[in-house]
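>>> I need the structure of the sequence given here:
(chains A and B)
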Amino acid sequence: MIKRLQNYLLEHYPLLWNMRLISVLSVILALHIIHFMVGYNSFDDLDTFGWREPESRFFSTPFVMFSFIISTVVFILWLIRVFRNNAFKSFYPFSNGQLFAQMMIILVVCLLNITYYYSYTIGYVWHSRNQSNEEVNRKDVEIYNKVIPLLQESMDAYKIENRCWPKPFPLSRHYKSTGQNEVTYQNGRAVNTPAEFYYESRTGDIFTPEEVDSMVGGYQFSYLNQCNDYIYLNRAFVSPNYYDGQNPERESEENQVAFAALLNKPKELKKAMQDFIEMCDRHQITYKLNADDWFQWVYNPPYYPVKYTIKQWYYSGTNMGSTDDNQLNPKGYYVELNKLQNKLNNTMRSYRYGFKLGIFCGFLYAALAMSLLVFAYRATSRRVWLVSFIGSGLICLIVGTLTAVIGINSHGNSFESTVLYMYLFIIFGFLAVHFVSSNKTIAGACLTWFAWSLPFVSVIIFGFMEMQNKGRGYLIEHRSSDVYFFCCFLIYLLVMALVIVPRFRTWQASPED
Amino acid sequence: MPEQNQSELFQHRLREVANHYQQGDVSLGYRRLMDAALDTDNKEVFDTLTRHTEWLESSEPSDAENWAKSTILLEQISKAGLKSHKQMGETIVEGKGIQKTYRNGVFSLGPIDIELRRGALLGLVGENGNGKTTLLRILAQELKHDGGVIDYHLPQSDNQYNLRSQLAYIPQRTPKWQGSLKDNLKFTLSSYGVFGAENESKVLMIIARLGLWKYRNLDWSQLSSGYKMRFELARTFLRCPDILLLDEPLANLDVLAQQTILEDLKTMSNLLSAPMAVVLSSQQLYEVEKVSDRVLFLKNGQPVWQENTAYNKEQIGIEGSGSLIVEFDTEASRDSLQAIFGTLALEKINFNGGTYIVYFDAPTTMSQVLSALGNGGINVMYIRDISRSTRRFFVN
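Residues are numbered from 1 along each chain as shown, chains lettered A, B, ... in the order given. Next up is the predicted model:
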């Protein structure tokens, strides 16, 4: 089948045959399928991954190394085959359009060969979404959030410092002096003086530890604490520097309010517990618990002190060995809570997953860089390519030094504009030298440098725009920057098609000096 | 050459084919048959010839069987007729005062006047480092020339890339290629816009013509130097260039391969359907002279001798102008030779350690020399008239 297809391309579309498109695309397709399957199966591997945004999951797996190596191998093997039989260099009839098409084919192959990430992620998201539909997942998260404060595993979660309900909580703890216990020596004996501290409410009221004890009826450990294990339903994907969803703190507070309200409705609380146990069954979460016992342990009005907690580590076999822990959970009840949390979280995030132009632009520019290297080799000679490649390092060194020198000697805002003009001068200087040089190698290297460095113009301009905007107190919307870079990419292709590719063709045909 | 004359020539070539077969020169007849088939540029003819080749390769028929089938093929070829797009003999390159000096000034070429015609083969000879490759590269537009003018009378010579598409330059070291021989030829032809079944037919035809039938599925590393050169020729002929420039194509080839390549070059350049001008550089003087219509000898970058051109012998100042120069190999002594040739207008006898070079004044003829040698009872291993050959520049 593949042989027949190749023969058809050979007889009708020589360029596609010459680029070994069928074989390379077959291999890439097979690798995408493998990545899809690995991604699909990775959903169940909750112990390794925990929960992660689908976007970042691929890059945190060891599989990424395999992917990188195999992608590199495929690329190199393809190049070895493609670098033979160059119709353009043999001066077969080859129009500018065909030369540009060749560049686009290289770009597409490079792009497909570095985007296994998408197959992996889509495989994962596919499996994840198959777990339950979005509405059911949302309801499961709501059930989970209703009772999760009653399943806190760490004793720290129940300490008075973390309490958030009722008012005047939450309180901030402050130390009067250094915040550390002091050890003094009296008659040769060490005497430990505990650090003194006090509490402060959000309204600025001060409370002593004794006053706080009296407020909570002497019990410090309580279910009415700030819970850190909520799953945020309304919080969208966040990158480290960018929030576009609702404030997670507000959502956490709303959950706390709902939880406090639920404690006043014992029937609803018990129903929520039953729903939770049912949900564990549905998600095949291992547990040893029933709603009746659970309700009895936790329902302690009016202060809701902690009577028992449910320890996952008992199930996982890690014996904490603490007497307190055994007293808290003498019957060894447990819920495989992390797994449930990861499953719900991952499913919910997979529904939020969508195409991100910014990430795609990253791949696009990486593929462009690779394809420009390959294209330059195809369109020029080995000597010109080597001169260009080695010369690039030298140029970067010189430009970097010049930038540093300008940085040291410039004052105020002149740095950005001076460096920008210098970069543009150098980049377009390559084009000028290409036209005037009588030496074919130099002319070819300058044209190659121009083609290679032109995509950086958009990055340089963006960088300086952002620097200037930051100086003025503005922030560029990242969505706009994604569109900007995508548009720059399209403009570059246009310049490539109309200016650079015809120059490569003219250069190739020109005689040597 | 007018179109009518080309048709006559085509018919004449068909008669020659029949003659070769009838005289028992089956192998030659078969090659000429295929040349005539190529002149038709007809897919049906190509397909029939391809089947014929397959039959020949697989069944080893008798000459009579072969002739019987070939007669039918000749009829088919005759019926299909000549399909010619280009005129034999038209001038396609005119170079006046071509000069090239390298930057270091060590070597200068020219000035050289040159004229290339369709269907004509120009031999370029000279010792190493005398400018043969430089001239070829200038003609191939690979190298700039400092002085003089080169006019290419080609249909698409307005654009430099298109011009170079019409020139085929085969360097000494041909590039390695990937895939099978046949696939590479198909690639070349489809790059030139011949697609589908027509592509397959023409490629198989040229494979058969150049004796590559058994090797069509082999790759580069499996071919010998001779077959690699034949592949290059096949590829070039499929391109139908107007000018073919070959730099030392005979280097590293055995004698038989050299003869085959030269014969193929000569006949293929003379194809009526697509005649091309061929420039061939080599140090195999005898072989090159045998197939060339004209020979250009380069010494220190200067044109020393060129047959049928304005370069005359006084200008060049060569020894033995207008006289007969004979080179021969014999065990006889110089004295006995002088005695034998005493009756002729002997000028001098030179011995270079291997062969004698004997110079006679006009009007001595070669037949007189042969008679003298025969009458004198001299055993001759080898003899050649080099009066008009560049060989005479190398014998001393």
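
>>> skip the chain neighbours and tell me the closest residue to residue 94.
Using chain A here. residue A:88 (4.7 Å; Cβ to Cβ, 6 or more residues apart in numbering or on different chains). C-betas here are computed from N, CA, C, even on glycine.

>>> that's the other chain; I wanted chain B
residue B:151 (4.7 Å).

>>> circling back to that earlier point, in three-state terms, label the residue nearest to residue A:94 for me.
Following DSSP: H, G, I helix; E, B strand; the rest coil, the label given to residue A:88 is coil.

>>> which residues touch it?
Neighbour list for residue A:88: A:94, A:98-99, A:102, A:378-379, A:505, A:508 [criterion: Cβ atoms under 8 Å, 6 or more residues apart in numbering or on different chains].

>>> just to revisit the earlier point, neighbours around the residue nearest to residue B:94, how many?
When neighbours are counted by other Cβ atoms under 10 Å in any protein chain shown, residue B:151 registers 12.

>>> show me what from the stretch 51-200 of chain B comes close to chain A.
When proximity is defined by Cβ under 8 Å from any Cβ of the partner chain, the stretch 51-200 of chain B lies next to chain A at B:103, B:138, B:141-144, B:159-165, B:167, B:175-179, B:183-184, B:186-188, B:190-193, B:195-196, B:199-200.

>>> can you rerun that using 6 Å?
Within the stretch 51-200 of chain B, the positions near chain A by Cβ under 6 Å from any Cβ of the partner chain are B:141-144, B:160-161, B:164-165, B:177-178, B:186-187, B:190-191, B:195-196, B:199.

>>> how many residues are close by residue B:391?
18.

>>> tell me how far it lies from residue B:128.
17 Å (Cβ to Cβ, to the nearest Å).

>>> among the contacts of residue A:88, name the ones in helices.
A:98-99, A:102, A:378-379, A:505, A:508 (DSSP state H).

>>> what about the closest residue to chain B within the stretch 201-350 of chain A, which SS state?
Per Cβ to the nearest Cβ, residue A:350 is where the stretch 201-350 of chain A lies closest to chain B, at 44.0 Å. Secondary structure, three-state DSSP: residue A:350 is helix.

>>> ok but residue B:45 is inside a helix, no?
Yes. Residue B:45: assigned to a helix according to three-state DSSP.

>>> I'd say it and residue B:37 touch.
Yes. Counting by Cβ atoms under 6 Å, residue B:45 touches residue B:37, with 5.0 Å between them.

>>> mutual contacts of these two, please.
residue B:77 (Cβ atoms under 6 Å, 6 or more residues apart in numbering or on different chains).

>>> the two: who's more crowded?
Legend: neighbour count by other Cβ under 10 Å for residue B:45 and residue B:37, higher for residue B:37 (26 against 23).

>>> name the helices or strands packed onto whichever strand or helix holds residue B:116?
For residue B:116, the host element (DSSP states H and E) is strand B:108-117. Where contact means 3 or more Cβ pairs under 6 Å, 6 or more residues apart in numbering or on different chains; DSSP states H and E, strand B:108-117 is packed against strand B:91-101.

>>> what about 10 Å?
strand B:91-101, strand B:121-125, helix B:132-139, strand B:147-152, strand B:243-247, strand B:277-282, strand B:294-299, strand B:302-306 (3 or more Cβ pairs under 10 Å, 6 or more residues apart in numbering or on different chains; DSSP states H and E).

>>> what inclination does that strand have with respect to strand B:294-299?
180 degrees (axes from the mean of the first three to the mean of the last three Cα atoms, to 10 degrees).

>>> for the closest residue to residue A:460 other than its chain neighbours, what are its contacts?
Spatial nearest neighbour of residue A:460, chain neighbours left out: residue A:423 (5.3 Å); criterion: Cβ to Cβ, 6+ apart. Applying Cβ atoms under 10 Å, 6 or more residues apart in numbering or on different chains to residue A:423 gives the contacts A:399, A:402-403, A:453, A:456-457, A:460-461, A:464.

>>> following element in sequence after the helix or strand that residue A:423 is a member of, please.
In the assignment (DSSP H and E), residue A:423 maps to helix A:414-436. Per DSSP H and E, the first helix or strand lying C-terminal to helix A:414-436 is helix A:440-472.

>>> how near is residue A:425 to residue A:453?
From residue A:425 over to residue A:453 (counting by Cβ to Cβ), the distance is 12 Å.

>>> so between these two, which is more surrounded?
Comparing residue A:425 with residue A:453 by other Cβ under 10 Å, the one with more neighbours is residue A:453, at 21 against 10.

>>> my guess is that one contacts residue A:427. True?
Yes. Using Cβ atoms under 10 Å, residue A:453 is in contact with residue A:427, at 4.8 Å.

>>> mutual contacts of these two, please.
Common neighbours of residue A:453 and residue A:427 (Cβ under 10 Å, 6+ apart) are A:399, A:460.

>>> re the thing from before, what mean pLDDT does the helix holding residue A:423 have?
Average pLDDT, helix A:414-436: 87.

>>> circling back: how close does the residue nearest to residue A:460 sit to chain B?
As judged by Cβ to the nearest Cβ, to the nearest Å, residue A:423 and chain B stand 32 Å apart.

>>> how many neighbours does the closest residue to chain B within the stretch 301-450 of chain A have?
Ranked by Cβ to the nearest Cβ, the top residue of the stretch 301-450 of chain A for proximity to chain B is residue A:438, at 8.4 Å. Look at residue A:438: counted by other Cβ under 10 Å, it has 10 neighbours.
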